[in-house]
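Visitor: Have a look at this prediction, sequence included:
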Amino acid sequence: MKNADPIQEVVTYLIEGRSTATVLEFLRENPITADDAGLIVEQALAAFSKAAGMPRAVRRGWCIEALRGLYKKLITSGDYAGAIRAVKEIATLAGLYEHGDDTNQTKGEINDYIDNVLAL
């Protein structure tokens, strides 16, 4: 078991796109009763529901950070076309294409951002 927590292990398997058969095999290979296996799967799925209930800004921020991590790996591996696609997706998620070139709005956003950072 990679993670000590079987719920987190099932979540990881699902995120990785592993098959239902793989999840069931993992549960069978560990000292988990059939009743506990059902609860583990239920709690793993509940983790996704909980994540979906996060505020939109949090979900978007997570996606941006995940893409930044991928961008770094793509640059390191020399996949510049992939890195460019990641940057474009980050720009889309960040809403950079929604506002055009409104310089005053951009200055206001930058000032708000600086105020928030300094408040930390």
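Guide: All right, it came through fine.
Visitor: tell me the contacts of Ile84?
Guide: By Cβ atoms under 8 Å, 6 or more residues apart in numbering, Ile84 lies in contact with nothing. Just so you know, the C-beta spots here come from the backbone N, C-alpha and C atoms, and that holds for glycine as well.
Visitor: For it, give me the pLDDT.
Guide: What the model reports for Ile84 is a pLDDT of 91.
Visitor: That one: which element?
Guide: helix 80-93 (DSSP states H and E).
Visitor: Show me what counts as buried in that helix.
Guide: Ala83, Ala86, Ile90, Leu93 (16 or more other Cβ atoms under 10 Å).
Visitor: mean confidence for the next helix or strand after it?
Guide: Heading C-terminal from helix 80-93, the first helix or strand you meet, by DSSP H and E, is helix 103-119. Mean pLDDT, helix 103-119: 72.
Visitor: Please compute how far helix 103-119 lies from its chain's middle.
Guide: 26 Å (Cα atoms, centre = their mean, to the nearest Å).
Visitor: cool, and stretch 70-88?
Guide: From the chain centre to the centre of stretch 70-88 is a distance of 17 Å (Cα atoms, centre = their mean).
Visitor: hey, which helix is longest across the protein?
Guide: Scanning the chain for the longest helix, with DSSP state H as the assignment, gives helix 56-77.
Visitor: Touching that helix from outside, list them.
Guide: Here helix 56-77 makes contact (Cβ under 8 Å, 6+ apart) with Ala51, Ala52, Met54, Tyr80, Gly82, Ala83, Ala86, Val87, Glu89, Ile90, Leu93, Ala94.
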